[in-house]
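Q: build the 3D model from these lines:
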Amino acid sequence: VQERATVLLANLTLRGGATAGGALVAMRGSTLFARDVVVRDARSGLDGGAICSHGARVVLERCTLTRNTARRGGAVFATGGGDGDTVIATDTLISLHHTLLVGNVADEAGGAFHIDGSMNVPGTYPQAHITTSTFEDNTALGAGGAVYAQGARIVAEGTDFIGNAALGRNVSQSGIVTNG
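A: Prediction:
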């Protein structure tokens with residue numbers, strides 16, 4: 001999804017594929033709405049096997065993200081959109097409603113979901129709202145078997161975390177891990 005564009009996906013299945021940054025990539029200022037979408041078996045050599053958001057708004061309703069792999073955020077990776085040299089202010093928002101994240105793997109952190117606000121202007125934070133969703137059997141080879149958040153705000157309500165695993169040095173970090 002290019003900058004400042006809006007895309008709606010519905011009743012769709014995306015299978016397989018290997019990319020540098022997610023089966024679906026949403027860029028700064030764009031909006032991605034997905035309803036009744038399945039993304040499975042996607043691989044990213046970088047971040048977000050299924051979805052990679054760089055300063056975008058992403059809303060998933062009744063979606064299934066399964067068996068996706070990436071370096072960070074096996075299924076979903078979200079950042080404020082900084083490029084390593086630029087620090088930005090952003091209204092990045094990731095919303096997961098009635099969504100299943102099952103069997104995803106991250107080589108580093110966030111087996112299913114990684115949200116990173118480290119490149120944001122101080123005092124601004126990307127946000128995630130997770131309601132009535134399920135994180136099951138996701139694995140991170142580092143921290144955050146289900147979710148890893150750095151410099152971000154997360155609200156999770158009515159959500160189940162079942163059988164997620166972090167295989168790094170601190171295996172107690174298998175559910176939601178926040179840093180900063």
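Q: pretty sure residue 33 sits against residue 7.
A: Yes - when contacts are counted by Cβ atoms under 8 Å, residue 33 is listed as touching residue 7 (7.1 Å). Every residue, glycine included, has its C-beta placed from N, CA and C.
Q: tally of neighbours for residue 155?
A: Other residues near residue 155 come to 11 when the count uses other Cβ atoms under 10 Å.
Q: for it, give me phi and psi.
A: phi -120, psi 120 (degrees, to the nearest 10).
Q: what residues are up against the residue most central in space within the chain?
A: Centroid-nearest residue in the chain: residue 76, 2.3 Å away (criterion: Cα atoms, centre = their mean). Residues in contact with residue 76 (Cβ atoms under 8 Å, 6 or more residues apart in numbering) are 48, 50-53, 58, 65, 94, 101, 112-114.
Q: relative to residue 51, how far out is it?
A: 5 Å (Cβ to Cβ, to the nearest Å).
Q: ok, and the closest non-adjacent residue to residue 163?
A: Distance criterion Cβ to Cβ, 6 or more residues apart in numbering; nearest residue to residue 163, sequence neighbours excluded, is residue 137 at 4.8 Å.
Q: and the one you found, what pLDDT?
A: Residue 137 carries a pLDDT value of 97.
Q: so it touches residue 103, yeah?
A: Yes - Residue 137 lies in contact with residue 103 (Cβ under 8 Å); the separation is 5.1 Å.
Q: anything in contact with each of residue 76 and residue 51?
A: 58, 65.
Q: pLDDT below threshold where in the chain?
A: 81-92, 118-124, 169-180 (pLDDT under 70).
Q: would you map the helices across it?
A: Counting by DSSP state H, one finds no helices in the chain.
Q: can you list the contacts of residue 76 in CSV and add neighbour count and distance to residue 144?
A: Below are the contacts of residue 76 laid out as CSV (neighbours: other Cβ atoms under 10 Å; distance: Cβ to Cβ, whole Å):
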residue, neighbour count, distance to residue 144
48, 34, 14
50, 36, 16
51, 33, 17
52, 27, 17
53, 31, 17
58, 24, 19
65, 32, 16
94, 25, 15
101, 31, 12
112, 37, 9
113, 34, 8
114, 31, 7
